[in-house]
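1. Have a look; sequence and predicted model below, questions after that.
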There are 2 protein chains.
Amino acid sequence: MTLEYDGSGYHGWQRQKNGRSIQEVLEERIAVITGEPIKVIGSGRTDAGVHALGQVAHFQTSCGIPAGNLLKGINSLLPADIVVKSLDDAPPGFHARIDARRKTYLYRIYNGATPTALYRRSVWQVYGPLDTVAMRAAAAHLLGRHDFTSFCTVHTDAVSFTREIYRLEISAVACDPGLFLEIEVEADGFLRYMVRTIVGTLVEIGRGKRPAAEMGEILRGRNRDRAGMTAPPQGLFLKEVRY
Amino acid sequence: MTLEYDGSGYHGWQRQKNGRSIQEVLEERIAVITGEPIKVIGSGRTDAGVHALGQVAHFQTSCGIPAGNLLKGINSLLPADIVVKSLDDAPPGFHARIDARRKTYLYRIYNGATPTALYRRSVWQVYGPLDTVAMRAAAAHLLGRHDFTSFCTVHTDAVSFTREIYRLEISAVACDPGLFLEIEVEADGFLRYMVRTIVGTLVEIGRGKRPAAEMGEILRGRNRDRAGMTAPPQGLFLKEVRY
């Protein structure tokens, strides 16, 4: 199934002791329909406050309800901030996490002169001019296959820090009520906080606090202390997972 | 001052006994800065759940704080769902409601196949195909100076029902996670529920439940029962007020 969710009210994707998670709510509500305990496996975790436009997840059931009816039934029971966009029978042995080949994340920055009331839960509000030419020059250093240790939190259980970024696009979008900057990153996988640390570093470069060329040095340094701040979660959207 | 607000958490613009209003919150917070009771006058009311991208309001103060500092001070005290976008000294005798010459409202419809989690507080979710050609043909009947009794709630204290619509545009906007329809209406003023009743009627026409030509008959009928449903408040934004 493909999922859209507003992560504002959740402690992230993964089930945990303190606070509601997307996974937990899905498992509870789907179990009401299927009449059996349900384990939902996502393509990966999203952190607290992070949203999804196209998270993918799978679950096993022997309930026999046709996919179309199951989709309607689950949506009728879900809270308004989680929606199943599509649901289909998976090929035998399909695994939402293991089989994921590419993911695309979108990060939204609001670059107005004053705060935004309407978009406060879905953007990072950055004030002052941002040099998008410098940001794009810096982003070019990250394209391709690299060790991204510098852009990963030290609190990780990752074994390999090598990932391949296929695409990293920065677009200015003029829209009510101001200027948005959209940063889209497509890769074969992401380390924890990787997109948010890339975005935080790009913004420091956009503000002129670091030169664009420093991005290559940060990458080669393989040290989290070299990179910039971690951008806040509410601007981040898991946009697409490809198999 | 120009204001942006997310109306989701308020009982509308106007101060009232049951529940918080935008006006009340502004008056309370501004008074903290100015140290004197404040009366905030808006360009007009917005109903419960309706948002603003560019509401205009004025207040009188003898506090002597320069406009730029006042703007920062007020924003620092306001909740995150109300933002003062700009604040300037007004010309002598300026009145935000009486002097308003034109207003623009924006109405956003989400026309996806499944509900949207991320935009649920800022769109009307309409399922199934909408015939935008028919909607535009119907909208053309409303342009110009007319008696809009058919598009006004019967619960009104309006004296005249004549308004002039300068512009009524319907645009399809393809965007994540689906198709949006934006309806923008510019007029010399609006009756209560006027935009929402126009939108509700346009959607019935877009769904093929009424022919486009019926819009002219509804207008000439001068009877609220002739028009369609009132579209829900959360899709409506007061976009601009001109003086």
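-> Yep, it's here.

2. do you know how far A:A212 is from chain B?
-> With the distance defined as Cβ to the nearest Cβ, to the nearest Å, A:A212 ends up 28 Å from chain B. (C-beta placed from N, C-alpha, C; glycine too.)

3. again, but for A:E214
-> For A:E214, the distance to chain B - Cβ to the nearest Cβ - is 32 Å.

4. mind checking which helix or strand A:T197 is in?
-> helix A:194-206 (DSSP states H and E).

5. pLDDT averaged over that helix, what's the number?
-> In this model, helix A:194-206 carries a mean pLDDT of 98.

6. Over to stretch A:17-24?
-> 94.

7. distance between that stretch and the chain's centre?
-> 17 Å (Cα atoms, centre = their mean, to the nearest Å).

8. do stretch A:130-139 as well
-> What separates the centre of stretch A:130-139 from the centre of its chain is 21 Å, taken as Cα atoms, centre = their mean.

9. what's the answer for stretch A:7-18, then?
-> Taking Cα atoms, centre = their mean, the mean C-alpha location of stretch A:7-18 is offset from the chain mean by 14 Å.

10. and that stretch, anywhere near chain B?
-> No. Using Cβ under 8 Å from any Cβ of the partner chain, stretch A:7-18 never reaches chain B; the gap is at least 9.4 Å.

11. Longest strand of chain A, counting residues only.
-> Counting by DSSP state E, the longest strand found in chain A is strand A:162-175.

12. Direction included, what does the next helix or strand after that one pair up with?
-> Once the chain leaves strand A:162-175, the next helix or strand it forms, by DSSP H and E, is strand A:178-187. According to DSSP bridges, strand A:178-187 has the following sheet partners: strand A:102-110 (antiparallel), strand A:162-175 (antiparallel).

13. which residues sit against strand A:178-187?
-> A:102-113, A:116, A:123, A:126, A:130, A:132, A:163-174, A:195, A:198-199, A:202, A:239 (Cβ atoms under 8 Å, 6 or more residues apart in numbering or on different chains).

14. cool, and stretch A:194-204?
-> A:105, A:107, A:109, A:124, A:126, A:130, A:135, A:138-139, A:142, A:148, A:150-153, A:163, A:168, A:170, A:183, A:185, A:210, A:215, A:218, A:224, A:227-233, A:235-236.

15. could you redo the last one with a cut-off of 7 Å?
-> Residues outside stretch A:194-204 that contact it (Cβ atoms under 7 Å, 6 or more residues apart in numbering or on different chains) are A:105, A:107, A:126, A:130, A:135, A:138-139, A:142, A:148, A:151-152, A:183, A:185, A:210, A:215, A:218, A:227-231, A:236.

16. and these, which are buried?
-> The neighbour-count criterion (16 or more other Cβ atoms under 10 Å in any protein chain shown) marks A:105, A:107, A:126, A:130, A:135, A:138-139, A:142, A:148, A:151-152, A:183, A:185, A:210, A:215, A:218, A:227-228, A:230-231, A:236 among the contacts of stretch A:194-204 as buried.

17. Those residues of chain A touching chain B, which are they?
-> With the criterion set to Cβ under 7 Å from any Cβ of the partner chain, chain A comes near chain B through A:4-6, A:51, A:53, A:75, A:80-83, A:85, A:114-118, A:120, A:122, A:176-177, A:239.

18. which of the strands paired with strand A:178-187 sits most buried?
-> Highest mean neighbour count of the strands paired with strand A:178-187: strand A:102-110, a mean of 21 (counted as mean count of other Cβ atoms under 10 Å in any protein chain shown).

19. chain center to that one: distance?
-> For strand A:102-110 - counting by Cα atoms, centre = their mean - the centre lies 6 Å from the chain centre.

20. Off-centre distance for the helix or strand just after that strand?
-> Using DSSP H and E, the next helix or strand after strand A:102-110 towards the C-terminus is strand A:124-125. Chain-centre distance of strand A:124-125: 16 Å, with Cα atoms, centre = their mean.

21. Also stretch A:86-101?
-> 19 Å.

22. Let me know the average pLDDT across that stretch.
-> Rounded mean pLDDT across stretch A:86-101 is 96.

23. Tabulate the CA atom coordinates of that stretch in PDB.
-> The C-alpha trace of stretch A:86-101 is given here as PDB (Å, rounded to 0.1, in the frame of the first residue of the first chain):
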ATOM      1  CA  SER A  86      -3.500   2.800  -3.000                       C
ATOM      2  CA  LEU A  87      -3.600  -0.900  -2.000                       C
ATOM      3  CA  ASP A  88      -2.900  -3.900  -4.100                       C
ATOM      4  CA  ASP A  89      -2.000  -7.600  -3.800                       C
ATOM      5  CA  ALA A  90       1.800  -7.800  -3.700                       C
ATOM      6  CA  PRO A  91       3.900 -10.300  -5.700                       C
ATOM      7  CA  PRO A  92       4.800 -13.400  -3.600                       C
ATOM      8  CA  GLY A  93       7.700 -12.700  -1.200                       C
ATOM      9  CA  PHE A  94       7.500  -8.900  -1.700                       C
ATOM     10  CA  HIS A  95       9.100  -6.900   1.200                       C
ATOM     11  CA  ALA A  96       8.600  -3.200   1.400                       C
ATOM     12  CA  ARG A  97      11.900  -2.400   3.000                       C
ATOM     13  CA  ILE A  98      14.300  -5.000   1.600                       C
ATOM     14  CA  ASP A  99      13.000  -4.700  -2.000                       C
ATOM     15  CA  ALA A 100      13.100  -0.900  -2.100                       C
ATOM     16  CA  ARG A 101      15.500   0.300  -4.800                       C
END
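
24. Having no further points to raise, I will conclude here.
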